[in-house]
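Trainee: After the sequence you'll find the predicted model.
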Amino acid sequence: MDQEPPRLGSELLGFAPDARVLLLTCDDLGLNEDVNLAVVDAVEHGIAASASLMTVCPATRHALRLLRERPELPFGIHLTLVCDAGSPRRRWGPLCPAAAVPSLVDPAGRFLPADPDGRARLLARARPADVEREFRAQIEAATGTGLHPTHLDFHCLADAGRPDLLDVALALGAEYGLAVRVWLPPALDRLRRRGLPVIDHPFLDSFAVPLDDKPAHYARLLAALPPGLTEWAVHPGLGTPGSRPDDGGRRVRRSDHAFLVSPRARELIAEHGITVIDYRPLQAVWASAPPGRTSDSFKTAAPRPPTVEP
């Protein structure tokens, strides 16, 4: 007898099989105050549904204040093991003392840069115990202030970059009652077998969206959105003059923000019958699922080939 195909991730969340469901998350909250204000605006006055907070960055304190003032704004933790090397202001390091996470830092105690070489060097040397220690510190930087994140995701490392490091995040997600952003086939297949809701279609990072005529490109993507669960990670920024020295992606961020808060974006969502959600429905299902076998696997897992975002 043929085995029935797994249910769509959106069906596991209670949606009909033909429902078009979009997780729309603003990454990089905490990067700088310009980004912080744009993210909040895109959620409160645009079509975005949630944010993802970096707790190691210069404007983390400002972001935490904005979140405490808006307890209704859903957010996750944007787990970070690399820094942006374009400016000295963006050469951040771990929340843990560098001596406690030596496999994650350079001789100056900072994270390695987020360029391909830096990510490859990190993933060749990162020890799961160091990653677990730092990821936990980044989560508790938010939960320790009384805030309640919904999920974990990753800055510049697809599915944490290595399967054993993803296991670290999955174990922490289970411990803290959080969903985890996953978008590469091996992990998606494994989590589907556990009956957990994950995306059904390719993940979109807005840095991969063409800048020329971006609103038209987004309109085409929304018109073609298939039934099931899709996720977009967008990167809004206001593009103010003060942000320019430390934000090489300002054109991406400025154009993302402009689209997200535009009347046309809302019209497209309504016209195509798309339901935009945050991670809270996924969190509810993930938190109630029986524990998987990843909860302690990272303690003995050997490093495996790295995966980095382009």
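Mentor: Sure, I can see it. Small disclaimer: the values here were computed from a predicted structure and weren't measured.
Trainee: Show me the shaky parts of this structure.
Mentor: Under the criterion of pLDDT under 70, the regions of the chain flagged as low confidence span 1-4, 85-90, 241-248, 292-310.
Trainee: mind checking how far residue 266 is from residue 209?
Mentor: Noted for residue 266: a distance of 19 Å to residue 209, by C-beta to C-beta, to the nearest Å. (Glycine included, C-beta is placed from N, CA and C.)
Trainee: neighbour count winner among these two?
Mentor: Of the pair residue 266 and residue 209, residue 209 is the one with more neighbours under other C-beta atoms under 10 Å, namely 18 against 14.
Trainee: Would you agree the more buried one is in contact with residue 217?
Mentor: Yes: when contacts are counted by C-beta atoms under 8 Å, residue 209 is listed as touching residue 217 (5.8 Å).
Trainee: Please identify which helix or strand holds the residue nearest to residue 71 when sequence neighbours are not counted.
Mentor: With C-beta to C-beta, 6 or more residues apart in numbering as the measure, residue 147 is the residue that lies nearest to residue 71, at 7.8 Å, once sequence neighbours are left out. Assessed by DSSP states H and E, residue 147 sits outside every helix and strand.
Trainee: Just list the residues touching residue 147, thanks.
Mentor: Contact partners of residue 147, counting by C-beta atoms under 8 Å, 6 or more residues apart in numbering, are 64, 67, 68, 71, 75.
Trainee: what's downstream of the longest strand along the chain, the next helix or strand?
Mentor: As assigned by DSSP state E, the longest strand anywhere in the chain is strand 20-29. Downstream of strand 20-29, the first helix or strand assigned by DSSP H and E is helix 33-44.
Trainee: Check which residues of that following helix are buried.
Mentor: If you call a residue buried by 16 or more other C-beta atoms under 10 Å, then helix 33-44 has these buried ones: 33, 34, 35, 36, 37, 38, 39, 40, 41, 42, 43.
Trainee: Can you add distance to residue 184 and give these back as CSV?
Mentor: Supplementary listing: those in CSV, determined by distance: C-beta to C-beta, whole Å:
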residue, distance to residue 184
33, 33
34, 31
35, 26
36, 29
37, 32
38, 28
39, 25
40, 30
41, 31
42, 26
43, 27
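Trainee: Specify which member of the residues you listed is nearest to residue 276.
Mentor: Distance to residue 276 across these (C-beta to C-beta) is lowest for residue 43, with 10.5 Å.
Trainee: residue contacts, residue 57?
Mentor: By C-beta under 8 Å, 6+ apart, the contact set of residue 57 is 30, 31, 32, 80, 90, 92.
Trainee: Having no further points to raise, I will conclude here.
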